[in-house]
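Enquirer: the following block contains a protein sequence and its predicted model.
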Amino acid sequence: MDYGELVQVYEALGATPAKLEKTQILAELFRRIPPHLLPIIPHLITGDIFPEQEMELGIGPGLLYNAVSFVTGVGKGEIEDIIREEGDTGRAVKRLFERRPQKTLYTETLTVERVHEIFTSIARSKGSGAQDRKIKYLAELFSSATPLEAMYLVRTVLSELRVGVAEGLLRDAIALAFEVDVKAVERAFMLTNDLGLVAKVARESGEEGLRRLTVTVGRPLRPMLAQAAPSLEEALKEGDEVAVEIKYDGARVQIHKKGKDVRIFSRRLEDVTEALPDVAGYALASIGAGEAIVDGEAVAVDPETKRPRPFQEILRRFRRKYDIQQTAQEIPFETHIFDILYKDGELLIDRPFRERRKMLEALLKEEKGRFMLAKQLVTGDIKEAERFYHDALSMGHEGVMVKNLDARYVIGSRVGYMYKVKPVAETLDLVIIGAIWGEGKRRGWLSSYYLGARDELGEFRYVGRVATGVTEEQLEEYTRLLKPLIEFQDGKEVRLMPEVVVEVGYQEIQRSPKYDSGFALRFPRLIRLRDDKSPAEADTIERVEELYRKQGASKKDG
Ligand code: AMP
């Protein structure tokens with residue numbers, strides 16, 4: 001299939017804001033394309049390119065511009081000028097391609113298959129010389145692209161496709177295209193995490209085929225997420241009795257065991273097994289099942305005081321590629337397991353939490369101080385719950401989780417059933433979408449960050465700018481992280497690929513007609529990097545609005 005044909009679909013999708021119309025355009029596409037493209041095209045449309053846990057391109061604006069420069073013969077400086085003028089990288093590249101002399105144009109027609117093949121080669125390019133190979137592959141793509149195709153290739157690479165299609169819409173489209181129940185599509189997606197596969201099965205064997213899809217040990221599932229409860233008392237309303245657990249301040253780990261093989265996945269579904277050999281070892285010894293998937297939190301503890309260590313130290317271990325054993329000794333982990341999703345051929349997510357916990361208790365052979373069950377109290381008594389909460393805080397933990405004992409495990413959703421109760425005011429996890437080069441003492445550093453919240457289509461809308469709460473050390477770290485993401489610069493301001501998630505505190509949320517999100521944070525301050533979260537998991541405008549309303553309510557109360 002010609003890539004140009006897909007690009008026409010992108011254009012049509014971009015041209016209409018109506019969800020129903022978008023769904024129809026996509027359904028029509030899914031029915032029309034050859035079967036071998038069904039596993040591929042949904043990923044291209046969400047902009048993920050690959051099923052989320054598998055691979056990523058690893059291309060930033062710098063590499064991209066090198067390739068564009070190579071193909072168009074235009075210097076990088078001029079390319080950046082044009083991008084600045086256009087205010088949009090995709091459109092700028094289109095303009096550059098329109099200027100190319102005719103004879104060098106489209107010697108070969110670009111196909112979707114070829115695009116996918118080249119993206120795969122790019123993602124697989126690792127080790128020395130990888131950068132050069134990636135540029136070469138990109139250049140190959142661009143050399144047979146029309147200007148409009150080049151624009152969409154650029155947008156795909158930069159994760160800014162802007163066709164206004166989020167996952168939910170794709171699920172609706174698959175259901176519509178192959179006349180299957182959308183609930184069956186949702187469930188199949190939840191269990192496999194692969195929309196392409198779901199589309200293929202829906203087409204080939206309908207609803208029945210979708211029902212047969214299940215989890216695969218070794219393939220990560222999106223974790224169930226927590227909601228914030230306004231108070232312990234409120235959270236206790238979940239049932240006559242609830243489970244109150246310590247909220248460990250570490251990093252989420254989903255552990256898959258199959259025979260002697262253990263795989264550990266982060267909250268972002270990255271395979272972090274290599275970085276955590278100690279956790280993997282304890283998991284192997286402790287999990288008493290041939291096959292199991294369990295959910296937990298890994299925390300770093302101070303070997304002397306036994307208190308939790310800062311979150312940044314945990315991330316250091318997750319990111320580690322060298323000296324792994326040594327880091328494991330310096331920053332020992334304690335893993336607390338709080339849920340089980342699968343055991344020896346049986347999917348457990350639909351069972352009530354109280355049963356899952358029982359199974360977990362029967363399954364785990366605890367290794368004290370290393371690999372344990374999360375500490376839990378089952379109670380309906382507020383006094384007892386409060387005591388547990390205060391004990392947790394005095395041990396240096398963040399707070400508690402309150403869980404509904406009758407609830408199922410809801411993959412990838414923040415649906416209630418599981419609440420966090422913390423003493424501090426609510427914070428927001430936002431994406432850095434732009435920055436400003438510092439002056440004076442902050443010269444040479446990106447020192448002030450534009451923050452975005454996710455809208456319902458997965459794009460980021462401006463909610464405020466943060467410059468305080470940034471230490472010198474952080475400035476250095478943030479500059480190192482953000483610099484490769486610069487798309488273009490205008491004066492002192494830079495636009496960034498939306499990649500980096502940060503936790504932000506603020507004094508108040510206000511309505512703002514000036515900002516495209518409709519909201520503005522008053523006195524935002526940077527708390528920490530949340531690189532355990534992907535941009536897709538950042539807080540939404542809906543959440544900002546919810547907090548805005550809550551704050552109004554509490555003012556009225558007060
Ligand atoms: P937050 O990231 O602030 O939304 O808080 C929810 C996170 O707390 C979960 O994703 C887990 O990583 C973590 N957590 C720590 N202890 C527990 C626990 N006992 N049960 C569930 N989640 C926990």
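Expert: That came through, no problem.
Enquirer: would you map the strands across the stretch 401-550 of the chain?
Expert: 418-421, 428-437, 446-454, 460-466, 486-490, 493-496, 501-505, 508-511, 519-522, 525-529 (DSSP state E, counting those that start in this stretch).
Enquirer: make JSON lines out of these and add mean pLDDT.
Expert: What follows is those, written out as JSON lines (pLDDT from 0 to 100):
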{"stretch": "strand 418-421", "mean pLDDT": "94"}
{"stretch": "strand 428-437", "mean pLDDT": "96"}
{"stretch": "strand 446-454", "mean pLDDT": "94"}
{"stretch": "strand 460-466", "mean pLDDT": "94"}
{"stretch": "strand 486-490", "mean pLDDT": "92"}
{"stretch": "strand 493-496", "mean pLDDT": "94"}
{"stretch": "strand 501-505", "mean pLDDT": "93"}
{"stretch": "strand 508-511", "mean pLDDT": "89"}
{"stretch": "strand 519-522", "mean pLDDT": "92"}
{"stretch": "strand 525-529", "mean pLDDT": "87"}
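Enquirer: nearest to the ligand among the ones you listed would be which one?
Expert: strand 418-421 (4.9 Å; C-beta to the nearest ligand atom). In short, each C-beta sits where N, CA and C put it, glycine included.
Enquirer: who are the packing partners of that closest one?
Expert: Applying 3 or more C-beta pairs under 8 Å, 6 or more residues apart in numbering; DSSP states H and E, we find strand 418-421 packed against strand 227-228, helix 232-235, strand 399-404.
Enquirer: give me the pLDDT value at residue 468.
Expert: On pLDDT, residue 468 comes in at 67.
Enquirer: quick one: secondary structure of the nearest residue to residue 374 once chain neighbours are set aside?
Expert: Leaving aside its sequence neighbours, residue 374 sits nearest to residue 338 (C-beta to C-beta, 6 or more residues apart in numbering; 3.9 Å). Here residue 338 is strand, with the state taken from DSSP: H, G, I helix; E, B strand; the rest coil.
Enquirer: residue 139 is nearest to which of the strands of the stretch 401-550 of the chain?
Expert: With C-beta to C-beta, the closest approach to residue 139 among these belongs to strand 486-490: 19.1 Å.
Enquirer: identify the residues contacting the closest one?
Expert: 61-62, 80, 83-84, 87, 89, 158, 437, 494-497 (C-beta atoms under 8 Å, 6 or more residues apart in numbering).
Enquirer: with only the CA atoms kept, save it in PDB.
Expert: This file holds the C-alpha atoms of strand 486-490, laid out as PDB (Å, rounded to 0.1, in the frame of the first residue of the first chain):
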ATOM      1  CA  ILE A 486      14.800  20.800  21.100                       C
ATOM      2  CA  GLU A 487      12.700  21.100  18.000                       C
ATOM      3  CA  PHE A 488      13.400  24.700  17.300                       C
ATOM      4  CA  GLN A 489      14.500  27.900  19.000                       C
ATOM      5  CA  ASP A 490      12.900  31.300  18.800                       C
END
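Enquirer: picking that back up, please convert the strands of the stretch 401-550 of the chain to a markdown table, extending it with distance to the ligand and mean neighbour count.
Expert: Formatted as a markdown table, the strands of the stretch 401-550 of the chain follow (distance: least, C-beta to the nearest ligand atom, whole Å; neighbours: other C-beta atoms under 10 Å):
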| stretch | distance to the ligand | mean neighbour count |
| --- | --- | --- |
| strand 418-421 | 5 | 22 |
| strand 428-437 | 8 | 24 |
| strand 446-454 | 15 | 24 |
| strand 460-466 | 18 | 22 |
| strand 486-490 | 29 | 19 |
| strand 493-496 | 23 | 20 |
| strand 501-505 | 9 | 21 |
| strand 508-511 | 18 | 15 |
| strand 519-522 | 18 | 19 |
| strand 525-529 | 12 | 18 |
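Enquirer: pipe those into TSV and attach distance to residue 32 per row.
Expert: As requested, those are arranged in TSV below (distance: least, C-beta to C-beta, whole Å):
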stretch	distance to residue 32
strand 418-421	42
strand 428-437	35
strand 446-454	31
strand 460-466	32
strand 486-490	34
strand 493-496	36
strand 501-505	37
strand 508-511	44
strand 519-522	41
strand 525-529	44
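Enquirer: right, and residue 493 touches residue 434 too?
Expert: Yes: taking C-beta atoms under 8 Å as the definition, residue 493 is a contact partner of residue 434 at 6.3 Å.
Enquirer: and the helices in the stretch 151-300 of the chain, which stretches?
Expert: Secondary structure of the stretch 151-300 of the chain (DSSP state H, counting those that start in this stretch): helices at 167-178, 182-192, 195-212, 232-235, 277-286.
Enquirer: so which of the ones you listed is nearest the ligand?
Expert: Across the helices of the stretch 151-300 of the chain (criterion: C-beta to the nearest ligand atom), the nearest stretch is helix 232-235, sitting at 12.8 Å.
Enquirer: mind giving me the packing neighbours of the closest one?
Expert: helix 382-394, strand 399-404, strand 418-421.
Enquirer: and if we set it to 6 Å?
Expert: Using 3 or more C-beta pairs under 6 Å, 6 or more residues apart in numbering; DSSP states H and E, the elements in contact with helix 232-235 are helix 382-394, strand 418-421.
Enquirer: winner for burial among the ones you listed?
Expert: Per residue and on average, the most neighbours among the helices and strands packed on helix 232-235 fall to strand 418-421, with a mean of 22 (mean count of other C-beta atoms under 10 Å).
Enquirer: ok, it: who's next to it in the sheet?
Expert: Applying DSSP bridges, strand 418-421 is found paired with strand 227-228 (parallel), strand 399-404 (antiparallel).
Enquirer: and the first one, is it in reach of the ligand?
Expert: Right, strand 227-228. No: Strand 227-228 does not reach the ligand (C-beta under 6 Å from any ligand atom); its nearest approach is 7.4 Å.
Enquirer: and that strand, average pLDDT?
Expert: Mean predicted confidence for strand 227-228 is 88.
Enquirer: ok, residues contacting it?
Expert: 414, 416, 419, 420 (C-beta atoms under 6 Å, 6 or more residues apart in numbering).
Enquirer: output the set of residues of the stretch 351-500 of the chain in proximity to the ligand.
Expert: Counting by C-beta under 6 Å from any ligand atom, the stretch 351-500 of the chain sits next to the ligand at 374, 401, 420.
Enquirer: any idea how far residue 341 is from the second one?
Expert: This means residue 401. 17 Å (C-beta to C-beta, to the nearest Å).
Enquirer: who has more neighbours out of those two?
Expert: residue 401 (25 against 22; other C-beta atoms under 10 Å).
Enquirer: so that one bridges to which residues?
Expert: Residues in beta-bridge contact with residue 401 (DSSP bridges): residue 245, residue 420.
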